[in-house]
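Asks: for reference, the sequence and a predicted model appear below.
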Amino acid sequence: RQLSFNMGSNERTRVVVVHNKKNFLKSAKEEVRKRPPEAGNKMVYGDSPKDFWSHGSYVTSIAAGKRVSSPSGVSLDGDFISGIAPNAKIATYKTGDAIYIPDFKVYNYFGVQSDHIASVEAAVKDNVDVLSISHSNDQPKFFNDPESLAYLNAVNAGIFLAVATGNAGNLKPTSEIEPWLTTVGSSSSKMSQGENYKPKVSAFSEGGSTSVTGKNCLTNASLKPDILAPGENVPGVVGDFIKERDSKNYYSASGTSASTPVIAALAALYLQLHPKASPAEIKSAMMTTAYDTAKENGENFTDAFRQGAGEVSPKRMFSPDFVYLGSAARSKGMVNWCANLANEEPVFPQVPKLNPLDSNLPSALVSVRDKNKIAVKKTLTCLTTGDYKINPPDIIGYHITVDTNVFNCAQKDSQISYTITIA
């Protein structure tokens, strides 16, 4: 379960793990529960990681598919398609499966959250480095949600997690709100276009929201999504169902399921160059080097609740000037902060609660009520030397200042703290 990248003379091994989609239809779930196995309901591939519906095969190929020249069934800008990390070996953990229901003569997805959690735990046990999860919840998560805590355990084990925002667009905010995740939205960008092309946020890509009380406290812990990547008309391979139905081996599809493995594979490549990088460093490198998307008229689109930090920059993300680093204690402290707001016992009794404003994430989500003065402290870690300037944003109705506008990274790994004040 290792992944080899050849990048010049510096060869490392890393692992990308891609989950099959968990897309449960109520009718299938209820049908399975009320009918015994001998009634004819059956999983198509059982314990095999093989993917009937093509979703798992498709997203895996985006992350690490081999180069294929002139593939049939897709339109191309160039002569071939390839995964972001084509020399990768993939470990796949299947969290759901197609199930055949004879009464309806249809195939539907079936799975449960416990299987999804078990797959994350298996990945931790297998000592992987990157998880690409093209799955999102339909329901909001609470601070003590078992899936959220499984994700936290994986990140604390050093695993970078890229998770899809979901495809409901503006109809609902994303449920993938955990600060320790890298939540991935979709854009109209194509890797072949380069950064001179200004992509747009995909209409289906879910955005973020704010909530500050009770069990939904994590929604206010960080700004979502974190980053965007190409997710429209992305080519990839197909599984047996589409292959047999349409007589083709490749197709193009759209969704945050497609943009998520792009970010996961880029994270693995970052680890190739920076083998000691933490998940927080990789996330920060992507976010602090991203660029704005565009409105329909071509002007910069700066709505952070839709684009997050912006479009990922494969050209710049591998050499950030500085990064914002988190820690396991900070993440656990935020969970305990939410427990306190909900008048419940701390999830991690040995860890002091931490206000999400002190999380040291590469972004800040602040709820300003009655124009009370709020201070947000950030600490950056220098990766290159030089002088840098912070330009506070202009927001109508608020005065935003920084106590240290100009700072100097005198040496690598030195840390500099500053405070942003909103009044």
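Replies: Received it, and whenever you're ready, just let me know what you need. Numbers count the residues shown, from 1 in each chain.

Asks: pLDDT on the helix or strand residue 115 falls within, on average?
Replies: Assessed by DSSP states H and E, residue 115 sits inside helix 113-125. Across helix 113-125, the average pLDDT comes to 87.

Asks: buried residues in that helix, which are they?
Replies: If you call a residue buried by 16 or more other CB atoms under 10 Å, then helix 113-125 has these buried ones: 116, 117, 119, 120, 123, 124. In this view, the C-beta of every residue, glycine as well, is placed from N, C-alpha and C.

Asks: same question for stretch 138-156.
Replies: By neighbour count on 16+ other CB under 10 Å, the buried set for stretch 138-156 is 140-145, 147-156.

Asks: can you check stretch 309-326 too?
Replies: Within stretch 309-326, the residues that qualify as buried are 309-314, 316-318, 320-326, counting by 16+ other CB under 10 Å.

Asks: rewinding a little: packing partners of the helix holding residue 115?
Replies: When contacts are defined as 3 or more CB pairs under 8 Å, 6 or more residues apart in numbering; DSSP states H and E, helix 113-125 packs onto strand 16-19, strand 90-93, helix 146-156.

Asks: give me the contact list for that helix.
Replies: Contact with helix 113-125 is made by 17, 19, 22, 91, 93-96, 131, 135, 146-147, 150-151, 153-154, 157, 159, as judged by CB atoms under 8 Å, 6 or more residues apart in numbering.

Asks: and the angle for it with helix 146-156?
Replies: Going by axes from the mean of the first three to the mean of the last three CA atoms, to 10 degrees, helix 113-125 is angled at 10 degrees with respect to helix 146-156.

Asks: hang on, residue 287 packs against residue 363?
Replies: Yes: under the criterion of CB atoms under 8 Å, residue 287 makes contact with residue 363 at 6.7 Å.

Asks: these two: who's more crowded?
Replies: Neighbours were counted for residue 287 and for residue 363 using other CB atoms under 10 Å; residue 287 has more, 23 against 18.

Asks: how is that one assigned, secondary-structure-wise?
Replies: Residue 287 carries the three-state label helix when classified by DSSP: H, G, I helix; E, B strand; the rest coil.

Asks: gap between it and residue 68?
Replies: Applying CB to CB, to the nearest Å, the value for residue 287 to residue 68 is 32 Å.

Asks: go on, residue 347?
Replies: Computed as CB to CB, the residue 347 to residue 68 distance reads 46 Å.

Asks: export the buried residues of helix 113-125 as a markdown table, with columns for distance to residue 221.
Replies: Output for the buried residues of helix 113-125, formatted as a markdown table (distance: CB to CB, whole Å):
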| residue | distance to residue 221 |
| --- | --- |
| 116 | 22 |
| 117 | 21 |
| 119 | 25 |
| 120 | 20 |
| 123 | 24 |
| 124 | 22 |
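
Asks: about what we covered before: given whichever helix or strand comes after the helix holding residue 115, what are its sheet partners and their directions?
Replies: Downstream of helix 113-125, the first helix or strand assigned by DSSP H and E is strand 130-133. Here strand 130-133 has these sheet partners by DSSP bridges: strand 16-19 (parallel), strand 160-164 (parallel).

Asks: residues contacting residue 198?
Replies: 292, 293, 294, 298, 300.

Asks: run the last query once more with 10 Å
Replies: 187-189, 291-295, 298-301, 311 (CB atoms under 10 Å, 6 or more residues apart in numbering).

Asks: show me which of those is closest to residue 409.
Replies: residue 291 (21.9 Å; CB to CB).

Asks: residue 229 should be in a strand, yeah?
Replies: Yes: counting by three-state DSSP, one finds residue 229 located in a strand.

Asks: so it sits right up against residue 134, yeah?
Replies: No: judged on CB atoms under 10 Å, residue 229 makes no contact with residue 134 at a distance of 12.0 Å.

Asks: mutual contacts of these two, please.
Replies: 62, 162, 184, 256, 258, 259, 260, 261, 264.

Asks: mind listing which of those are in helices?
Replies: If you go by DSSP state H, the shared contacts of residue 229 and residue 134 have 62, 256, 258, 259, 260, 261, 264 in helices.

Asks: could you flag which of these are buried?
Replies: Neighbour counting with 16+ other CB under 10 Å marks 62, 256, 258, 259, 260, 261, 264 as buried within those.

Asks: surely the fourth one and residue 136 touch.
Replies: In other words, residue 259. No: counting by CB under 10 Å, residue 259 sits too far from residue 136 to count as a contact (11.9 Å).

Asks: which neighbours do the two share?
Replies: With contacts taken as CB under 10 Å, 6+ apart, residue 259 and residue 136 have 164, 165, 184 as neighbours in common.

Asks: quick one: low-confidence parts of the stretch 201-350 of the chain?
Replies: Residue ranges of the stretch 201-350 of the chain with pLDDT under 70: 209-216, 220.

Asks: quick one: the strands in it?
Replies: Taking DSSP state E, counting those that start in this stretch as the criterion, the stretch 201-350 of the chain carries its strands at 227-230, 234-237, 250-253, 293-294, 300-301, 322-324.

Asks: to residue 275, which of the ones you listed lies closest?
Replies: strand 322-324 (15.2 Å).

Asks: elements contacting that closest one?
Replies: Judged by 3 or more CB pairs under 10 Å, 6 or more residues apart in numbering; DSSP states H and E, strand 322-324 is in contact with helix 279-288, strand 374-382.

Asks: in the longest one, what counts as buried?
Replies: Neighbour-count burial for helix 279-288 flags 279, 280, 281, 282, 283, 284, 285, 286, 287, 288 (criterion: 16+ other CB under 10 Å).

Asks: next, format these as a markdown table and append distance to residue 372.
Replies: Converted to a markdown table, these look like this (distance: CB to CB, whole Å):
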| residue | distance to residue 372 |
| --- | --- |
| 279 | 33 |
| 280 | 29 |
| 281 | 33 |
| 282 | 34 |
| 283 | 29 |
| 284 | 28 |
| 285 | 33 |
| 286 | 32 |
| 287 | 27 |
| 288 | 28 |
